[in-house]
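J.: I'll drop the sequence and a predicted model, then ask my questions.
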Amino acid sequence: MANIMITECCNLHCPYCFADEFVNKKSNYISSKSFQQALAFIKSAEHFNGRVGIIGGEPTIAPNFSELLQLLIEDNEVTRVPIYTNGLLIDKYISLLQNKKFDFLINFNSPTDIGYVKYQHIVDNIGLLIKNGKISNLALGINLYHENQDVEYYIRVLKQYGIHHARVAITTPNDKFTESGFIRLKRLRKDLLALTSRLIYEDIHFIVDCNRPPECIWDDTEQIKLDFIHRKLLNTTQQQNFFNSKCNPVIDILPDLTAIRCFGLSDISKVKISDFPNIDELMQYYRRNIDDALLLQPTTEHCRDCEAFYSQACYGGCLSNKRCL
């Protein structure tokens, strides 16, 4: 999986931002030439599956966003383009975004975090996408970053529009929240359990994104609830996404054509894509030099007595947690 970061700028300031090393630090936008180089690099995969993700910052504020969309529309090798957006400017580009190639993951913040006016505009834009036939190409994401977080607005809009695709994640620490990632998983596990149980009750399909809590983090009562969730998640992909803490590199290509393994490990994984003949070689580089090295480090002292750690069946949540002991 690979994404192109077309801008480091954003029109929101989310307190939990997992890309805060880059976002709004500089006014960087990718040029059309660099975008085509990044696209060619992604397509260099031996088994390119037609998927190219578009990320930011907030991608819709890139001054050449329309031009980049048109390049993707005209590229016959590209068949699926997930756009990771906060949804504020979707209405500005709706004529292009109606193309069947484009999927949407809207990072859906609460009105408390972003203000009611912006929140309502995003809700209206969600309705606009659905009006244009995009309900099957649309998922709403929520990031859990503090305890007892309001999720009612999230459930309400999912139900209001009949959206059956949700993405849930516990955020990794950033410059504003510097606690250990593993401690954060322990603190927020109850909120994750409550939210996913609610989504099951509402018959909403969901995935738990990276930084999934490992099995050892749950107490006996929580394990009973997890067993119930597991029985309800009849779809194998859903089960794997909830219970499997393993992950593969997600290559994000920045506007200057630097690649990172993922935002959680951006500080130790920057390389130039020009140093690699193809994206497969870059993927192998990350597995050998980042993943394999971190997998030898226990996330907590408890891991040293755990078979799942030695068999590498458990990553202890996000691999970045291993650097916060």
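T.: That came through, no problem.
J.: now do the same end-to-end measure for stretch 251-267.
T.: Counting by CA to CA, to the nearest Å, the length from the leading to the trailing residue of stretch 251-267 is 14 Å.
J.: What average pLDDT does that stretch get?
T.: What stretch 251-267 shows for mean pLDDT is 93.
J.: Of all the residues in it, which ones are buried?
T.: Residues of stretch 251-267 classed as buried: 251-255, 257-266 (neighbour count, 16 or more other CB atoms under 10 Å). Every residue, glycine included, has its C-beta placed from N, CA and C.
J.: Go through the residues you listed and say which is closest to residue 75.
T.: Sorting these by distance to residue 75 puts residue 253 at the head of the list, at 15.9 Å, by CB to CB.
J.: Make sure that closest one is actually in contact with residue 274.
T.: No - under the criterion of CB atoms under 8 Å, residue 253 lies out of contact with residue 274, with a separation of 11.2 Å.
J.: What strand or helix carries residue 139?
T.: Following DSSP states H and E, the helix or strand that holds residue 139 is strand 138-144.
J.: Would you give the sheet partners of that strand, along with the direction of each?
T.: strand 102-107 (parallel), strand 165-170 (parallel) (DSSP bridges).
J.: hmm, who's touching the last one?
T.: Contact partners of strand 165-170, identified using CB atoms under 8 Å, 6 or more residues apart in numbering, comprise 105, 138-145, 154, 158, 184-185, 188-189, 192, 195-196, 199, 204-213.
J.: Out of those, which end up buried?
T.: The neighbour-count criterion (16+ other CB under 10 Å) marks 105, 138-145, 154, 158, 184-185, 188-189, 192, 195-196, 199, 204, 206-213 among the contacts of strand 165-170 as buried.
J.: Check the offset of stretch 292-305 from the chain's centre.
T.: 24 Å (CA atoms, centre = their mean, to the nearest Å).
J.: And the contacts of that stretch?
T.: Under the contact criterion CB under 8 Å, 6+ apart, stretch 292-305 has outside partners 182, 214, 216, 309, 312, 315-317, 319, 321-323, 325.
J.: picking that back up, would CSV of the strands paired with strand 138-144 with mean pLDDT and distance to residue 116 be doable?
T.: Listed next are those as CSV, based on pLDDT from 0 to 100; distance: least, CB to CB, whole Å:
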stretch, mean pLDDT, distance to residue 116
strand 102-107, 97, 17
strand 165-170, 92, 22
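J.: Can you add distance to residue 59 and give those strands back as CSV?
T.: Conversion of the strands paired with strand 138-144 to CSV gives the following (distance: least, CB to CB, whole Å):
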stretch, distance to residue 59
strand 102-107, 11
strand 165-170, 17
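J.: among the ones you listed, which is nearest residue 225?
T.: Between residue 225 and the strands paired with strand 138-144, the shortest gap by CB to CB is with strand 165-170, which sits at 15.3 Å.
J.: what packs against whichever helix or strand comes after the closest one?
T.: Scanning the chain past strand 165-170 towards its C-terminal end, the next helix or strand to appear is helix 181-201 (assignment: DSSP H and E). Packing partners of helix 181-201 (3 or more CB pairs under 8 Å, 6 or more residues apart in numbering; DSSP states H and E): strand 138-144, strand 165-170, strand 205-208, helix 220-232.
J.: quick check: angle from helix 181-201 to strand 138-144?
T.: Note on geometry: by axes from the mean of the first three to the mean of the last three CA atoms, to 10 degrees, helix 181-201 and strand 138-144 are set 140 degrees apart in direction.
J.: same question for helix 181-201, mean pLDDT?
T.: Here the mean pLDDT over helix 181-201 is 91, rounded to a whole number.
J.: And for it, what's in contact with it?
T.: Helix 181-201 is contacted by residues 142, 144-149, 151, 155, 166, 168, 170-173, 177, 206, 208, 211, 213-214, 217-218, 222, 225-226, 228-229, 232-233, 242, 299-300, 316-318, 320-321, 324 when judged by CB under 8 Å, 6+ apart.
J.: Please convert the buried members of those residues into PyMOL selection syntax.
T.: Selecting only the buried members of those in PyMOL, with burial defined as 16+ other CB under 10 Å, works like this:
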select buried, resi 142+144+145+149+151+155+166+168+170+171+172+173+206+208+211+213+214+217+218+226+229+232+233+242+299+300+316+317+318+320+321+324
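J.: List the buried residues of the strand or helix carrying residue 66.
T.: With elements taken from DSSP H and E, the one containing residue 66 is helix 65-74. Within helix 65-74, the residues scored as buried using 16+ other CB under 10 Å are 65, 68, 69, 72.
J.: Sweet, I'm off.
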